[in-house]
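no FASTA, just this:
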């Protein structure tokens with residue numbers, strides 16, 4: 001059973017974001033995503049050194065506190081569903097960032113929790129790619 005986000009944290013989720021959940025890979029190994037979903041969050045543009053899922057040190061683009069648990073390698077875009085076409089995929093004309101690390105923090109009594117995701121632009125051959 002998923003724990004609920006604390007009420008004090010819910011009141012601070014003042015931003016909208018669009019989330020693409022990774023659902024698998026195609027025959028060529030490229031990530032497949034579900035339909036975009038609008039979520040509430042607290043979005044902080046922040047350049048902070050963090051450890052990715054593989055332990056590699058990375059510099060964040062943003063730190064986001066979402067209203068739900070998200071998946072590694074999913075994508076987030078600040079905005080609403082009205083800002084994207086339903087068939088648009090992240091990395092193809094959509095200003096979205098890949099989720100590079102996840103954190104879950106329980107309350108002191110263990111009955112509630114909140115989530116944090118770290119976003120980072122892709123870097124290919126020394127050049128930044130994807131996300132804005």
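Received the coordinates, thanks. Everything numeric here is computed off the predicted structure, so don't read it as measured data.

and residue 44, how far is that from residue 13?
Residue 44 sits 12 Å away from residue 13, going by CB to CB, to the nearest Å. Yep, even glycine has a C-beta here, placed from its N, CA and C like the rest.

next, the buried residues of stretch 86-100.
88, 89, 90, 91, 94, 96, 97, 98, 99, 100 (16 or more other CB atoms under 10 Å).

can you list contacts of that stretch?
18, 20, 33, 35-36, 50, 52-53, 58, 60-62, 70-77, 84, 117-122, 130-132 (CB atoms under 8 Å, 6 or more residues apart in numbering).

can you check stretch 52-63 too?
43-51, 72, 76, 78, 97, 100-102, 116-121, 131.

filter the residues you listed down to just the buried residues.
Applying 16+ other CB under 10 Å to these flags 43, 50, 76, 78, 97, 100-102, 116-121, 131 as buried.

so which of the residues you listed sit within strands?
43, 50, 76, 78, 97, 100, 101, 102, 116, 117, 118, 119 (DSSP state E).

pick out the lowest-pLDDT one from those residues.
pLDDT is lowest at residue 50 among those; the value there is 83.

how near is that one to residue 82?
From residue 50 to residue 82 the distance is 31 Å (CB to CB).

any chance of the ones in strands among the buried ones among the contacts of stretch 52-63 in a markdown table, plus distance to residue 25?
Output for those, formatted as a markdown table (distance: CB to CB, whole Å):
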| residue | distance to residue 25 |
| --- | --- |
| 43 | 28 |
| 50 | 25 |
| 76 | 20 |
| 78 | 26 |
| 97 | 20 |
| 100 | 18 |
| 101 | 20 |
| 102 | 19 |
| 116 | 26 |
| 117 | 21 |
| 118 | 22 |
| 119 | 21 |
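
just the helices in the protein please.
Ranges of helices in the chain, per DSSP state H, are 7-10.

flag the shaky bits of it, pLDDT-wise.
1-11, 122-132 (pLDDT under 70).

now the farthest one out in it, which residue is it?
residue 109 (26.5 Å; CA atoms, centre = their mean).

so which residues of the protein form strands?
15-20, 22-25, 31-33, 37-45, 49-51, 57-59, 62-66, 75-78, 97-106, 113-119, 122-124, 127-129.
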